[in-house]
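Asker: predicted structure and sequence below. I'll ask about it afterward.
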Amino acid sequence: MTMEMGNGSTVQEFILEGFPAVQHLGKVLFGVHLLAYLASITGNIVIIIITCCDSRLHIPMYFLLSNFSFIECCFITTVIPKLLVIFLLDRQRISYVACLLQAFFFLFLGATAFFLMAVMSVDRYLAICKPLHYPAIMTLKTCFLLVTLCFTLGFTLITGGFVVFSRLSFCGPNLIPHFFCDFGALIHLSCSDTGFMELLGFALSLCIVLASFIITIIAYTGIVVTILHLPSAKERQKAFSTCSSHLIVLFLFYGSCVFIYIKPKQTNRVDSNKEAALVNTVVTPLLNPVIYTLRNKQVHQVLRDIMCRIKISR
């Protein structure tokens, strides 16, 4: 649908292509993705609740983890509900405003998650490499300020990009070859000169991902060096176990995101990125709470205690 403006027209809504090759399996895919979505939301909410309710988890690592879980819940909620509607009802239309809001929050929350992952890496570095100074440096107040900084940086950078993006014109076509309003696909649909916007988008992606990645690499280099210098194998195993879950999540998170976004050319990458984007928005948020809870004895103990309290209260 378009609205006439002078000699041209402006797009009022977009059509999300989704996965046309498997649309005949819509109800089956709806069920699978709904279960994955609910499991992901439930797992991340459980982490948030037990972190808030149990004083044993009122430490920096779990404070940061609960904030990351909150971001994950919001992140997948920007995309998955609309995907479920596409699978179940084949309603592919999305208004111009809703499309821009979806793209904005997807990128804002994604950028914030990158920065928070870097902060979590620094937290593990200080805990392992500077154990005597760790309690004085990583107070809950410091963690709160760091989380606030992550949100502020993510919001500022993405808002700046969208201010420039808002100057682009859309006069048709309006078919987005993706299952959500991907920033690169929107640029490709614009009838304006998008050279500067493509360059800015690439620069912002590179800045966000590279800055987070460099901090993470520096932190884990220090961690590896420290662990290798520990005198006994038992101490090395214990030190590595404190960051192994985070390390696994890092590989999943960076792997899918780098493949999707760190490419200077926006116009030829959308079709090949649908599957990677689906992993990033469905699979990774589902695995994160599983990885953190299955590999964490302290979380196991807290969950057992909570279950015991529930049984006793009955």
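Answerer: Cool, got the structure. Numbers count the residues shown, from 1 in each chain.

Asker: so how far is Y37 from the most centrally placed residue in the chain?
Answerer: Against the mean C-alpha coordinate of the chain, by CA atoms, centre = their mean, the closest residue is G110 at 4.2 Å. Distance of G110 to Y37, computed by CB to CB, to the nearest Å: 17 Å. The way it works is simple: take the backbone N, C-alpha and C, and place the C-beta from them, glycine included.

Asker: the residue nearest to the centre of the chain and I248, how far apart?
Answerer: 19 Å.

Asker: before we move on, what about L116?
Answerer: Distance from L116 to I248, by CB to CB: 16 Å.

Asker: one more: V11?
Answerer: 42 Å.

Asker: how far is stretch 21-28 from where the chain is centred?
Answerer: In terms of CA atoms, centre = their mean, to the nearest Å, the centre of stretch 21-28 is found 26 Å from the chain centre.

Asker: what's that stretch in contact with?
Answerer: 29, 86-88, 90 (CB atoms under 8 Å, 6 or more residues apart in numbering).

Asker: stretch 174-187 too?
Answerer: So stretch 174-187 is contacted by 1-2, 11, 13-19, 78-79, 82-83, 86, 94, 99-100, 102-103, 106-107, 165, 168, 170, 189, 194, 197-198, 201, 266-267, 269-271, 273-274, 277-278, 281 (CB under 8 Å, 6+ apart).

Asker: in strands only, show me those residues.
Answerer: Those of these mapping onto strands are 2, 11, 13-16, 94, per DSSP state E.

Asker: which PyMOL command selects the buried ones in those?
Answerer: Remark: buried members of the ones in strands among the contacts of stretch 174-187, expressed as a PyMOL selection using 16 or more other CB atoms under 10 Å:
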select buried, resi 11+13+14+16+94
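
Asker: closest one to V209 out of the ones in strands among the contacts of stretch 174-187, please.
Answerer: Using CB to CB, the shortest approach to V209 within the ones in strands among the contacts of stretch 174-187 belongs to L16, at 25.1 Å.

Asker: surely that closest one is in contact with R91?
Answerer: No - L16 is beyond contact range of R91, at 9.1 Å (criterion: CB atoms under 8 Å).

Asker: circling back: between L116 and I248, who's got more neighbours?
Answerer: Using other CB atoms under 10 Å, the more surrounded residue of L116 and I248 is L116, with 23 against 15.

Asker: show me where this structure has helices.
Answerer: Assigned by DSSP state H, the helices in the chain fall at 26-53, 60-77, 80-89, 96-129, 134-137, 140-165, 183-189, 195-228, 233-261, 270-278, 284-294, 297-313.

Asker: follow-up on the earlier one: from the contacts of stretch 174-187, which would you call buried?
Answerer: Members of the contacts of stretch 174-187 classed as buried by 16+ other CB under 10 Å are 11, 13-14, 16-19, 78-79, 82-83, 86, 94, 99-100, 102-103, 106-107, 165, 168, 170, 189, 194, 197-198, 201, 266, 269-270, 273-274, 277-278, 281.

Asker: since we're on F108, how many residues are nearby?
Answerer: With neighbours defined by other CB under 10 Å, the count for F108 comes to 23.

Asker: how close does it get to Q298?
Answerer: From F108 to Q298 the distance is 31 Å (CB to CB).

Asker: same check on I15?
Answerer: Counting by CB to CB, the gap from I15 to Q298 is 48 Å.
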